[in-house]
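Peer 1: my questions concern the predicted model and sequence given below.
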Amino acid sequence: MAGTEEGGKAAAKTNRARHGADFYARIGAKGGKKGTTGGFFANRELARIAGAKGGTISRRTKTADKKKQDFDLAA
């Protein structure tokens, strides 16, 4: 029964009986409160830099005309 859907339901039932009906809500809240990074929302400048990097990197190879044009611009 271990590793099956039925076993998972039995384990969830046991966890709720041992630790209370709000067991999964409590452990989920702990995980949500542990985050400290804040993501890009917390640092807009970092988001701008990352977006610029992603926008300039291309997986496509340049054609001969494009390489020549880039070379002419750099000179």
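Peer 2: That came in fine, so what should we check first?

Peer 1: who are the contact partners of residue 23?
Peer 2: Neighbouring residues of residue 23 by C-beta atoms under 8 Å, 6 or more residues apart in numbering: 15, 16. The way it works is simple: take the backbone N, C-alpha and C, and place the C-beta from them, glycine included.

Peer 1: low-confidence stretches in this structure?
Peer 2: Residue ranges of the chain with pLDDT under 70: 35-38, 58-75.

Peer 1: longest helix in it, please.
Peer 2: Scanning the chain for the helix with the most residues, using DSSP state H, yields helix 5-19.

Peer 1: could you pull out the helices for this structure?
Peer 2: Along the chain, the segments classed as helices by DSSP H run 5-19, 23-34, 39-42, 44-56, 64-74.

Peer 1: now the longest helix of the chain: buried residues?
Peer 2: For helix 5-19, the neighbour count (16 or more other C-beta atoms under 10 Å) marks no residue as buried.

Peer 1: what's the answer for stretch 22-33, then?
Peer 2: Neighbour counts over stretch 22-33 (16+ other C-beta under 10 Å) mark no residue as buried.
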